[in-house]
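A.B. asks: the amino acid sequence is not available; the structure is as follows:
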């Protein structure tokens with residue numbers, strides 16, 4: 001007989017929050033704007049999901065008719081922005097039925113993460129209680145993976161959760177050398193990519209066809225490529241190795257692509273002058289990883305965000321180099337960057353305003369400014385330090401988001417179970 005007790009209804013994700021119905025004022029806070037500015041004894045007000053006032057208590061911000069929350073001495077941050085994630089597209093990496101992130105074939109330009117995004121993913125609450133309130137859900141697979149969209153991490157369905165649809169196309173530049181298992185020894189080895197020329201030629205063929213495409217006959221991949229060709233769309237170029245970074249950027253420029261974002265960029269410092277000349281923003285992703293080469297400094301990934309920023313490049317921090325369950329550590333990636341050269345508020349901007357600007361959503365999120373969405377959270381301590389970070393409350397477009405999830409439920413369950421056994 002089937003044991004129905006195996007199915008725990010409490011595992012359902014929290015119900016999406018209702019719309020804000022009363023203006024709210026939060027007082028007594030240390031407000032981190034996200035652009036480098038910090039306001040002590042600050043006040044922030046918002047109504048109908050939009051920030052209406054930000055300043056210090058002495059500024060006399062109008063709070064008449066507001067629900068006032070006094071959070072004396074606690075911190076308010078803009079919601080963190082997570083670029084390049086499979087959040088909402090993948091649930092359990094080892095179970096194919098829970099994945100909607102990979103498509104077969106090399107050219108998948110017509111694929112859109114927007115319609116595949118699953119608002120009922122149990123991974124979403126695990127991001128929110130670390131302050132991640134906005135994410136760029138990104139398809140994977142092939143040389144051209146498709147277009148990504150930016151979502152609010154609260155909503156009944158993908159239309160509700162959508163912040164900005166189809167923010168850019170994603171190209172994975174082929175590697176010159178690849179790791180594979182040797183058929184003779186069974187061990188992993190690094191060898192030349194025998195398909196490199198064929199893969200780059202396939203990309204040339206796609207871009208050439210897109211340039212000359214007239215609309216007939218209907219070809220969904222070529223239709224999807226038109227924003228890249230006509231200059232109205234972004235191209236996110238996923239590549240790590242120095243030589244390949246140069247090749248990929250030059251390839252895109254040769255077809256007139258204007259807006260290019262480098263994603264990954266493990267060896268970006270080796271070609272930093274080239275990137276500066278080309279004015280390429282970077283979503284850097286390997287902060288909590290070992291260096292790609294054995295002879296590099298072991299702390300090179302920790303220092304790279306500071307060095308790239310110091311060179312004058314716009315840098316954001318993404319999650320694509322780490323597994324989905326570790327991407328909730330995004331603020332602590334920024335904390336590591338702060339420990340290795342960046343000042344605290346600049347490091348904060350790498351997971352707030354910088355990332356929002358790179359994704360093209362800075363008019364809505366990324367900083368706490370009048371007219372932007374009231375997407376923010378309250379933390380008891382420094383949100384970039386895992387020792388002190390404790391998110392007490394969060395708002396997405398002014399909606400009071402439920403931060404209680406499966407992990408909190410398990411904590412409460414087993415704390416109650418074992419509390420009586422401790423003498």
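C.D. replies: All right, it came through fine. Please read all numbers here as calculations on a predicted model, not as lab measurements.
A.B. asks: how about low-confidence regions in the stretch 301-423 of the chain?
C.D. replies: For the stretch 301-423 of the chain, the stretches with pLDDT under 70 are 421-423.
A.B. asks: just checking, residue 329 touches residue 130?
C.D. replies: Yes. Between residue 329 and residue 130 a contact is recorded at 7.3 Å, counting by C-beta atoms under 8 Å. C-betas here are computed from N, CA, C, even on glycine.
A.B. asks: which of those two has more residues huddled nearby?
C.D. replies: Remark: of residue 329 and residue 130, residue 130 carries more neighbours, 24 against 19, as counted by other C-beta atoms under 10 Å.
A.B. asks: ok, that one - contacts?
C.D. replies: 80, 328-331, 389, 391 (C-beta atoms under 8 Å, 6 or more residues apart in numbering).
A.B. asks: from those, which land in strands?
C.D. replies: If you go by DSSP state E, these have 80, 391 in strands.
A.B. asks: so residue 412 versus residue 404, what's the distance?
C.D. replies: Separation of residue 412 from residue 404 (C-beta to C-beta, to the nearest Å): 9 Å.
A.B. asks: closest one of the contacts of residue 130 to residue 173?
C.D. replies: residue 330 (24.5 Å; C-beta to C-beta).
A.B. asks: and that closest one, what is it in contact with?
C.D. replies: Residue 330 makes contact with 80, 82, 130, 132, 317, 319, 351 under the criterion C-beta under 8 Å, 6+ apart.
A.B. asks: so the fourth one touches residue 153, yeah?
C.D. replies: Yes. Counting by C-beta under 8 Å, residue 153 is a contact partner of residue 132 at 6.8 Å.
A.B. asks: about what we covered before: scan the contacts of residue 130 and report the most crowded one.
C.D. replies: Result: residue 80 is most packed of those (other C-beta under 10 Å), 31 neighbours.
A.B. asks: which ones are touching that one?
C.D. replies: Contacts of residue 80 by C-beta under 8 Å, 6+ apart are 130-134, 330-331, 351-352, 383.
A.B. asks: okay, it and residue 189: tell me how far apart.
C.D. replies: 39 Å.
A.B. asks: then residue 24?
C.D. replies: For residue 24 relative to residue 189 (C-beta to C-beta), the value is 59 Å.
A.B. asks: these two: who's more crowded?
C.D. replies: More neighbours surround residue 24 than the other of residue 24 and residue 189, with 19 against 11 (other C-beta under 10 Å).
A.B. asks: ok, what's across the strand from the more buried one?
C.D. replies: Beta bridges link residue 24 to residue 46, residue 67, judged by DSSP bridges.
A.B. asks: contacting residues for residue 28?
C.D. replies: 41-42, 57, 70-74.
A.B. asks: would a markdown table of the residues you listed with pLDDT, secondary structure and distance to residue 255 be doable?
C.D. replies: Formatted as a markdown table, the contacts of residue 28 follow (pLDDT from 0 to 100; DSSP: H, G, I helix; E, B strand; the rest coil; distance: C-beta to C-beta, whole Å):
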| residue | pLDDT | secondary structure | distance to residue 255 |
| --- | --- | --- | --- |
| 41 | 93 | strand | 53 |
| 42 | 96 | strand | 47 |
| 57 | 93 | helix | 54 |
| 70 | 96 | strand | 56 |
| 71 | 95 | coil | 51 |
| 72 | 93 | coil | 56 |
| 73 | 92 | coil | 54 |
| 74 | 96 | coil | 50 |
